[in-house]
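Novice: whatever this is, show me its structure:
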Amino acid sequence: MSLVSVQGMSVVYEPQGGLPVPAVRNVSFDLEQGDFVGLVGESGSGKSTLGFALTGLSKPPARVSAGSIFFDGVDIAGMTPSQLRVQRHGGFAMVLQSGMNALNPVRSIRDHFFDIFAAHGHVPKRDREDRAIELVGKVELPASVLDRFSGELSGGMRQRVSIALALSLEPRLMVFDEPTTALDVLVQHAVMNTIRELQKSEKFTAVLISHDLGMVLEVTKRVMVMHDGLIVEDALAAEILAAPQHPYTRMLLSHYGDPRAAVVEVPGLAARGGPRTTDAAGATAGNAPVVEPRDTPGDTPVDTSGENLQPHQPAVRKREGRTAREAIVVTNVSKTYPRPSRGEQPVCAVNNVSFTLEPGASMALVGASGSGKSTIAKLITGVERPTSGSITFGDLEVGKIKRRQLKRLHTEVQMVFQDPYAALNPLHTVEYILTRPILNFSALRGRAARRRMLELLETVGLTPVEQFAARLPHQLSGGQRQRVVIARALASDPQVIIADEPVSMLDVSLRAGVLALLDSLRETWGVSMLYITHDLLSARLVTDQIMVLNRGAVVEEGRTAEVLQNPQDDYTIRLLDAIPHPTVGGLVQS
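Specialist: Below you'll find the model as predicted:
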């Protein structure tokens, strides 16, 4: 008998006063004891909804509307919360996506463990401290972490605590819902190694939910691919890698590449390292197209099966007036923050960094979390002042700029932020969001300002422009929101765009469209771009120069292809080796 047997299960969302929305449709599969299975799909595919149903965590408006979920021979689909609580001890547990949101910020990590022990009554009071120390040790954390609060931990440490909390129930089934989302590649690699080792040592069945097919193929033995609420492919990882059967699976696989390769190609982007040709319409020749699924009300349905994918081509127009003519010159810049609490040392976020971003150039700042990338962006935009050194843009010395000169700086230097969901005011329409900077940074008013706003929407590929102008942010997909963020940055007609992790929160098929748009801006608008990322593949695809940062210092720099193909510093090599790549070594074979 299988440990888990799902038969014809469907899950529907029934919002009050709204129409039912099917999220999972008639799925069936079995999981054996000790299996390590990947569940892959893009946002909205139903994978997290399926994970919640497997562990009895579905809550209104979600409802298991059909089928059964047998765990060790018992159907849990219709159980009450009290019945499920009994099943969870020694049964099943789930590690949620965001470690920050999963932990109570006003309770210590020790309190989290003790709450679970008390709720299930499986650990005597005299043994609770020792058991908590044992559990954090299993995820490679020191006992001192029990005295800390979630806000005092890094993203990777918070995720390890979440895993340890789930292990406290001694489950036979563990569901990991996007456990490495928003973590840099080194931390992601370490967390996945921890999960792999725990699965082997504790011998539980694991379901790894992710939108990252490359990572899942590398660490799991079997992969289920979800699309539009259906499991469209279920096979061994090696079989999917060698011969994917469904067009959607093939589309997902096509968005992976090795940044070290001589020629790097991703659908919708010009090949890097090979010939780069452009037709009269501005589309790059010789590349497969890319889709950006439109999953919001009012969008025209787009076929994401993989058979008829079409690219979103931004409107190509040469920038009117000036092009980028001023360089950003960073000279021996350091930034030290005061000690965060008594007894701790000051934090050196940037240490003696120097570089020049030439007019019209594209440069990548890469490194793990905490390497100083975003701090450099804050220093260049005048949000922070350097502790020492200088930053100049034309005749402006940014570190000594006065408040009245900030508007002049921000006219020329604009940011594209990491999180498209947090970067836009949910109460304002797209028209309002784009019109505000036009009014602030230009002399355009009335109809002229509105024409400019519509031009920006066309430039970033959001057509029909009148429909998108009237929408609120929640009516847009993640990729569409990021295009609005880019359009807002272009509203001041800047010379420099600083893109801070602009695709880290997007699905792989959406990333290519946003990267293609950013890449086209240098040719169509003549802007310089400082591209901040921990994703070396995207850095290879859209930049010509690269700087690798480690603990605030530059450890390697040069032409992007040369540095990534022939890295000299150990830290750069570690970053490259940590990249999930299903065609290289680490694939787990059956």
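Novice: can you tell me how far residue 253 is from residue 509?
Specialist: 11 Å (Cβ to Cβ, to the nearest Å). Backbone N, C-alpha and C define where each C-beta goes, glycine included.
Novice: so residue 50 touches residue 4, yeah?
Specialist: No: in this structure, residue 50 is not within contact of residue 4 by Cβ atoms under 8 Å, at 11.6 Å.
Novice: residue 253 and residue 509: who's more crowded?
Specialist: Applying other Cβ atoms under 10 Å to residue 253 and residue 509 shows that residue 509 carries more neighbours, namely 24 against 18.
Novice: residue ranges for the strands of the stretch 401-550 of the chain, please.
Specialist: Under the criterion DSSP state E, counting those that start in this stretch, strands of the stretch 401-550 of the chain are mapped to 413-416, 496-500, 528-533, 545-550.
Novice: adding mean pLDDT, mean neighbour count and distance to residue 152, write these out as JSON lines.
Specialist: JSON lines is the format used below for the strands of the stretch 401-550 of the chain (pLDDT from 0 to 100; neighbours: other Cβ atoms under 10 Å; distance: least, Cβ to Cβ, whole Å):
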{"stretch": "strand 413-416", "mean pLDDT": "93", "mean neighbour count": "24", "distance to residue 152": "28"}
{"stretch": "strand 496-500", "mean pLDDT": "93", "mean neighbour count": "25", "distance to residue 152": "24"}
{"stretch": "strand 528-533", "mean pLDDT": "93", "mean neighbour count": "26", "distance to residue 152": "25"}
{"stretch": "strand 545-550", "mean pLDDT": "95", "mean neighbour count": "24", "distance to residue 152": "23"}
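Novice: can I get the ones you listed in JSON lines including distance to residue 362?
Specialist: Shown next, in JSON lines, are the strands of the stretch 401-550 of the chain (distance: least, Cβ to Cβ, whole Å):
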{"stretch": "strand 413-416", "distance to residue 362": "13"}
{"stretch": "strand 496-500", "distance to residue 362": "9"}
{"stretch": "strand 528-533", "distance to residue 362": "4"}
{"stretch": "strand 545-550", "distance to residue 362": "7"}
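Novice: out of the ones you listed, which comes closest to residue 197?
Specialist: Nearest to residue 197 among these is strand 545-550; the distance by Cβ to Cβ comes to 25.9 Å.
Novice: partners of that closest one, with directions?
Specialist: Note on strand 545-550: by DSSP bridges, its sheet partners are strand 362-366 (parallel), strand 553-559 (antiparallel).
Novice: out of these, deepest packed?
Specialist: Ranked by average neighbour count under the criterion mean count of other Cβ atoms under 10 Å, the strands paired with strand 545-550 are headed by strand 362-366 at a mean of 26.
Novice: low-scoring stretches of the stretch 401-550 of the chain, by residue?
Specialist: Nowhere does the stretch 401-550 of the chain drop to pLDDT under 70.
Novice: does residue 233 belong to a helix, a strand or coil?
Specialist: Of the three states, residue 233 takes strand according to DSSP: H, G, I helix; E, B strand; the rest coil.
Novice: domain ranges for the chain, per the record?
Specialist: Using automatic domain parsing, the domain parsing of the chain gives 33-47+77-253, 360-373+412-577.
Novice: among those domains, which is nearest residue 267?
Specialist: Proximity to residue 267 (Cβ to Cβ) singles out domain 360-373+412-577 among the domains of the chain, at 5.9 Å.
Novice: just to revisit the earlier point, among the strands paired with strand 545-550, which is nearest residue 518?
Specialist: strand 362-366 (8.5 Å).
Novice: tilt between the closest one and strand 528-533?
Specialist: Relative orientation of strand 362-366 versus strand 528-533 (axes from the mean of the first three to the mean of the last three Cα atoms, to 10 degrees): 20 degrees.
Novice: now for this protein, the helix or strand with the poorest mean pLDDT.
Specialist: Of all helical and strand segments in the chain, the minimum by mean pLDDT, DSSP states H and E falls on helix 99-102, at a mean of 74.
Novice: quick one: contacts of that one?
Specialist: 95, 96, 150, 153, 155, 158, 159, 161, 162 (Cβ atoms under 8 Å, 6 or more residues apart in numbering).
Novice: next SSE downstream of it?
Specialist: helix 109-120 (DSSP states H and E).
Novice: number of residues surrounding the nearest residue to residue 387 once chain neighbours are set aside?
Specialist: In this structure, residue 387 finds its nearest non-sequential neighbour in residue 336, 4.7 Å apart by Cβ to Cβ, 6 or more residues apart in numbering. By other Cβ under 10 Å, 16 other residues sit near residue 336.
Novice: next: residue 367.
Specialist: Using other Cβ under 10 Å, residue 367 is surrounded by 27 other residues.
Novice: pretty sure it is touching residue 552, no?
Specialist: No: using Cβ under 8 Å, residue 367 makes no contact with residue 552, being 9.1 Å away.
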